[in-house]
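Novice: Dropping a prediction and its sequence here:
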Amino acid sequence: MFPKKNRPMIANGDRVLKDAFKDVGKYIELPARRAFLQRSMTLGGLSLLTGCAITDDESVESALLAMSRFNNCVQGWLFDPNQLAPIYPESMITRPFPFNAYYGDDEVREVDAASFRLEVSGLVSDKHAWTLDELHALPQVDQVTRHICVEGWSAIGKWSGVPFTTFLRLVGADLDAKYVGFKCADDYYTSIDMATALHPQTQLTLSFDGQTLPARYGFPMKLRMPTKLGYKNPKHIQAIFVTNTYPGGYWEDRGYNWFGGS
Amino acid sequence: MSKEIYAIHPPWLRVTHWLYVVAVVILVMSGWRIYDASPFFPFFIPKEITLGGWLGGALQWHFAAMWLLAVNGLIYLFFNIFSGRLWHKFFPLSLRAIVADLLDALKGKLSHADLSHYNALQRAAYLFAIADIIVIVLSGLVLWKSVQFPILRELLGGYEAARRVHFIGMSALVAFVGVHVAMVALVPRTLIAMIRGH
């Protein structure tokens, strides 16, 4: 492929390949064929020359994403709505409870309690916006459960709030819909399957460890699911919507598994 | 003739063996990247020898290759048990035989004249690898689905203990592979036998 005198050295492989593409382009005018040639050169030649990881390959990536979607199905099928996450004694609560977000703890959003309204939309019959007082007036429950992060670490905390199944029934949500989506004041967003939304331990959390939910843990509210990994538990929730259209999520759109939990 | 050709390793064994290699390499390297996201021992694994690029990528590889390991493992166990090969090749096995073969091996006197016959050390090592992979798969199941498998989770001592079991199981498997590959290097025709069957 290369004239003998320009035979590439590994160090300037990139430049030589570009030159080679230019030469090839003179002879091959069909854009599709050219694109194919470039792509195959990129994969076969370039990855060998530069030592680029084969994992950059688009087809590998799409195969992995297909497996991730398959895993969503398997996990939905494995999910037993009556299987509860373990409950721990308060003596086992992790203090201080770790902070985690897609930003540092110096960038935690402050939400104004007085002007706050929780929007509810989509496949629900009651779309009125909720004040915090209205939410606090609903029956509250406690849970001491293990929060498991996608990174592997875990910590036990105590959360209190409204069982999410109670809330969904109150707003007349279509319980046969596929997804519940969340939009948050910190620009985070995520979505969950309806089966998990209706799980008895899924909680619209307003308090942490006996106190109003602190900003770093998601004031004014978060969704607490001991059956799901941390990134599935949105903080600073501003809007909840029920839908049959896949809403994705901040980390899910970047490659984390959508079901993301147990 | 054909019977003798396959006397050492039947085709299903060779196929599952090499699929194990693919699955284990992917799972170990991506698992190292996952471990690095939150190490529980005072060391991390150099990124250069991990797979996936970042945590999300490593998890995608891990949760894809786990199916290969599990399904391949089930096929391997199925054929091994129902062909009678498991009992025929790995038993009888006694601690005394293992010690005797270990001493012979250390003196360089362990014979490999007949590749179709496993000595006591090989039997112990391969049975260990089988049991270890079972432990790794079960502890992995607890990490993946900690709520859905409560009995398994409690048997392993809970979620955090299962992480350590999974990691130590991996370490033991990597140690097995190290010894295994070293032994193959010492007796290279075993490699040919695992490819050609004889």
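Specialist: All right, it came through fine. Since this is a predicted model, take the numbers as computed values, not measurements. Numbering: from 1, shown residues only, chains lettered A, B, ... in the order given.
Novice: which residue packs closest to B:Gly52, ignoring adjacent ones?
Specialist: Nearest non-adjacent residue to B:Gly52, counting by C-beta to C-beta, 6 or more residues apart in numbering or on different chains: B:Ala58, 2.9 Å away. Placement of C-beta: from N, CA and C, glycine included.
Novice: and that neighbour, that one's in a helix?
Specialist: Yes: applying DSSP: H, G, I helix; E, B strand; the rest coil, one finds B:Ala58 inside a helix.
Novice: Who are the contact partners of it?
Specialist: Going by C-beta atoms under 8 Å, 6 or more residues apart in numbering or on different chains, B:Ala58 touches B:Ser30, B:Gly31, B:Arg33, B:Ile34, B:Thr50, B:Leu51, B:Gly52.
Novice: got any ranges where chain B has weak pLDDT?
Specialist: For chain B, the stretches with pLDDT under 70 are B:1-7.
Novice: do that again at 90, thanks
Specialist: For chain B, the stretches with pLDDT under 90 are B:1-8, B:105-117, B:197-198.
Novice: For it, which residues are neighbours of chain A?
Specialist: Contact residues (C-beta under 8 Å from any C-beta of the partner chain) of chain B with chain A: B:34-35, B:37-38, B:40, B:51-57, B:59-61, B:63-64, B:67, B:144-148, B:150, B:153, B:158-160, B:163.
Novice: which of those residues are buried?
Specialist: B:34-35, B:37, B:51-53, B:55-57, B:59-61, B:63-64, B:144-148, B:153, B:158-159, B:163 (16 or more other C-beta atoms under 10 Å in any protein chain shown).
Novice: Tell me which entries of these lie within helices.
Specialist: Judged by DSSP state H, helices contain the following of those: B:34-35, B:55-57, B:59-61, B:63-64, B:144, B:153, B:159, B:163.
Novice: would you turn these into JSON lines with distance to A:Thr165?
Specialist: Shown next, in JSON lines, are these (distance: C-beta to C-beta, whole Å):
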{"residue": "B:Ile34", "distance to A:Thr165": "32"}
{"residue": "B:Tyr35", "distance to A:Thr165": "36"}
{"residue": "B:Leu55", "distance to A:Thr165": "31"}
{"residue": "B:Gly56", "distance to A:Thr165": "30"}
{"residue": "B:Gly57", "distance to A:Thr165": "35"}
{"residue": "B:Leu59", "distance to A:Thr165": "29"}
{"residue": "B:Gln60", "distance to A:Thr165": "31"}
{"residue": "B:Trp61", "distance to A:Thr165": "35"}
{"residue": "B:Phe63", "distance to A:Thr165": "29"}
{"residue": "B:Ala64", "distance to A:Thr165": "33"}
{"residue": "B:Trp144", "distance to A:Thr165": "25"}
{"residue": "B:Arg153", "distance to A:Thr165": "24"}
{"residue": "B:Tyr159", "distance to A:Thr165": "25"}
{"residue": "B:Arg163", "distance to A:Thr165": "31"}
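Novice: what's the neighbour count on A:Ser160?
Specialist: When neighbours are counted by other C-beta atoms under 10 Å in any protein chain shown, A:Ser160 registers 19.
Novice: Would you confirm that it contacts A:Val141?
Specialist: Yes: using C-beta atoms under 8 Å, A:Ser160 is in contact with A:Val141, at 6.8 Å.
Novice: what sits in contact with each of these two?
Specialist: A:Gln203.
Novice: For the most centrally placed residue in chain B, which residues are in contact?
Specialist: Note on chain B: the residue nearest the mean C-alpha position is B:Ala129, at 4.4 Å, using C-alpha atoms, centre = their mean. Contact analysis of B:Ala129 by C-beta under 8 Å, 6+ apart lists B:Leu173, B:Phe176, B:His180.
Novice: Tell me if it really is in a helix.
Specialist: Yes: B:Ala129: assigned to a helix according to three-state DSSP.
Novice: now stretch B:181-198: how far from the chain's centre is it?
Specialist: 17 Å (C-alpha atoms, centre = their mean, to the nearest Å).
Novice: about what we covered before: got a PyMOL select line for the buried ones in the contacts of B:Ala129?
Specialist: Only the buried entries of the contacts of B:Ala129 go into this PyMOL selection, using 16+ other C-beta under 10 Å:
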select buried, chain B and resi 173+176+180
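Novice: wait, which of the contacts of B:Ala129 is closest to chain A?
Specialist: Using C-beta to the nearest C-beta, B:Leu173 is the member of the contacts of B:Ala129 that sits closest to chain A, with 18.8 Å.
Novice: Isn't that closest one up against B:Ile133?
Specialist: Yes: contact criterion C-beta under 8 Å: B:Leu173 and B:Ile133 qualify, at 6.8 Å.
Novice: quick one: low-confidence ranges for the stretch 51-200 of chain A?
Specialist: When residues are selected by pLDDT under 90, those of the stretch 51-200 of chain A lie in A:51-58.
Novice: would you list every one of the helices in it?
Specialist: A:58-78, A:132-136, A:164-170, A:194-197 (DSSP state H, counting those that start in this stretch).
Novice: The ones you listed into a markdown table, with extra columns for distance to chain B and mean neighbour count?
Specialist: A markdown table is the format used below for the helices of the stretch 51-200 of chain A (distance: least, C-beta to the nearest C-beta, whole Å; neighbours: other C-beta atoms under 10 Å in any protein chain shown):
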| stretch | distance to chain B | mean neighbour count |
| --- | --- | --- |
| helix A:58-78 | 4 | 14 |
| helix A:132-136 | 26 | 14 |
| helix A:164-170 | 16 | 18 |
| helix A:194-197 | 10 | 20 |
